[in-house]
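*Asks:* What follows is a protein structure lacking sequence information:
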């Protein structure tokens with residue numbers, strides 16, 4: 001992605017590793033239109049490793065960050081900042097072979113290696129394929145509150161994993177997770193709320209400032225940019 005802004009701050013890190021859902025994934029092959037690339041420009045990262053996937057949930061986010069840290073030789077604690085934007089807590093992912101995942105994920109698909117990639121089991125589907133039927137049956141059989149509980153575990157586990165690897169990292173969320181978290185009872189709820197609340201939620205920031213795309217419900221390019229400037233960069237505390 002071509003750079004479009006001159007730096008206003010200077011990060012001490014060479015690389016930026018990010019994961020999330022469509023609020024983090026860059027849906028253009030030629031233009032920067034999501035926050036990781038605006039952040040790259042404004043704080044002067046050299047390289048973005050964006051392992052987000054549209055429609056992804058907490059399992060994909062957890063798996064993709066761990067996979068990159070463990071297998072990407074360019075990433076280590078001395079040269080890489082990690083930022084995670086958590087997605088909806090009822091979203092479900094698993095790992096499958098690439099021949100299955102490729103036709104299913106038309107916009108984006110994260111590869112773990114030459115054989116495996118993320119397969120999202122979407123909350124809502126309208127087709128009649130085997131995978132459509134799998135999604136429908138899974139969501140009928142697996143209680144959504146159980147998926148929220150599993151998401152809690154993934155968030156807490158990734159926090160501990162990244163700390164153990166000594167990375168500088170930040171957790172945020174595309175939306176306030178409180179309505180989902182309040183559906184279940186767990187001593188982990190306050191821990192997770194604290195982990196993801198250090199930055200204003202991107203979706204709510206864009207909605208409040210009338211910076212949403214009317215059709216997709218995602219922030220406009222200017223919504224991503226203003227959130228990066230006003231919310232994300234101050235939370236990173238990088239020098240001007």
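*Replies:* Sure, I can see it. Being a predicted model, the structure only gives us computed values, none of them experimental.

*Asks:* Sketch out the helices for this structure, chain order is fine.
*Replies:* 35-43, 58-71, 98-104, 130-141, 144-164, 178-181, 189-196, 202-208, 221-227, 233-236 (DSSP state H).

*Asks:* Determine which stretch of the ones you listed is the most buried.
*Replies:* Of all the helices of the chain, helix 35-43 carries the top mean neighbour count, a mean of 24, counting by mean count of other CB atoms under 10 Å. The way it works is simple: take the backbone N, C-alpha and C, and place the C-beta from them, glycine included.

*Asks:* so what does that helix touch, helix or strand wise?
*Replies:* On a contact count with 3 or more CB pairs under 8 Å, 6 or more residues apart in numbering; DSSP states H and E, helix 35-43 meets strand 15-19, strand 47-50, strand 80-86, helix 221-227, helix 233-236.

*Asks:* Distance check, the closest residue to residue 21 other than its chain neighbours against residue 65.
*Replies:* Once flanking residues are discounted, residue 21 sits nearest to residue 87: 3.9 Å by CB to CB, 6 or more residues apart in numbering. Distance from residue 87 to residue 65, counting by CB to CB, to the nearest Å: 13 Å.

*Asks:* circling back to that earlier point, and the helices of the chain as CSV, adding distance to residue 25?
*Replies:* Shown next, in CSV, are the helices of the chain (distance: least, CB to CB, whole Å):
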stretch, distance to residue 25
helix 35-43, 9
helix 58-71, 11
helix 98-104, 15
helix 130-141, 20
helix 144-164, 18
helix 178-181, 21
helix 189-196, 19
helix 202-208, 13
helix 221-227, 12
helix 233-236, 20
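
*Asks:* For residue 112, find the nearest of those.
*Replies:* The closest of the helices of the chain to residue 112 is helix 58-71. By CB to CB, the value is 5.3 Å.

*Asks:* hmm, who's touching that closest one?
*Replies:* With CB atoms under 8 Å, 6 or more residues apart in numbering as the test, helix 58-71 has contacts from 17, 19-21, 49, 51-53, 56, 75, 82, 84, 86-87, 89, 91-95, 110, 112-113, 118, 120, 150-151, 154-155, 157-158, 161-162, 165, 167.

*Asks:* out of the residues you listed, which are buried?
*Replies:* In the contacts of helix 58-71, burial by neighbour count holds for 17, 19-21, 49, 51-53, 56, 75, 82, 84, 86-87, 89, 91-93, 95, 110, 112, 118, 120, 150-151, 154-155, 158, 161-162, 165, 167, counting by 16 or more other CB atoms under 10 Å.

*Asks:* picking up where we left off before, would you reformat the helices and strands packed on helix 35-43 as TSV and include distance to residue 188 and mean pLDDT?
*Replies:* Formatted as TSV, those follow (distance: least, CB to CB, whole Å; pLDDT from 0 to 100):
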stretch	distance to residue 188	mean pLDDT
strand 15-19	20	98
strand 47-50	28	96
strand 80-86	14	98
helix 221-227	27	95
helix 233-236	23	96
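
*Asks:* I'd like those as CSV, with distance to residue 213 appended.
*Replies:* Conversion of the helices and strands packed on helix 35-43 to CSV gives the following (distance: least, CB to CB, whole Å):
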stretch, distance to residue 213
strand 15-19, 20
strand 47-50, 20
strand 80-86, 17
helix 221-227, 8
helix 233-236, 23
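
*Asks:* Out of the ones you listed, which is closest to residue 2?
*Replies:* Of all those, strand 47-50 comes closest under CB to CB, at 12.4 Å.
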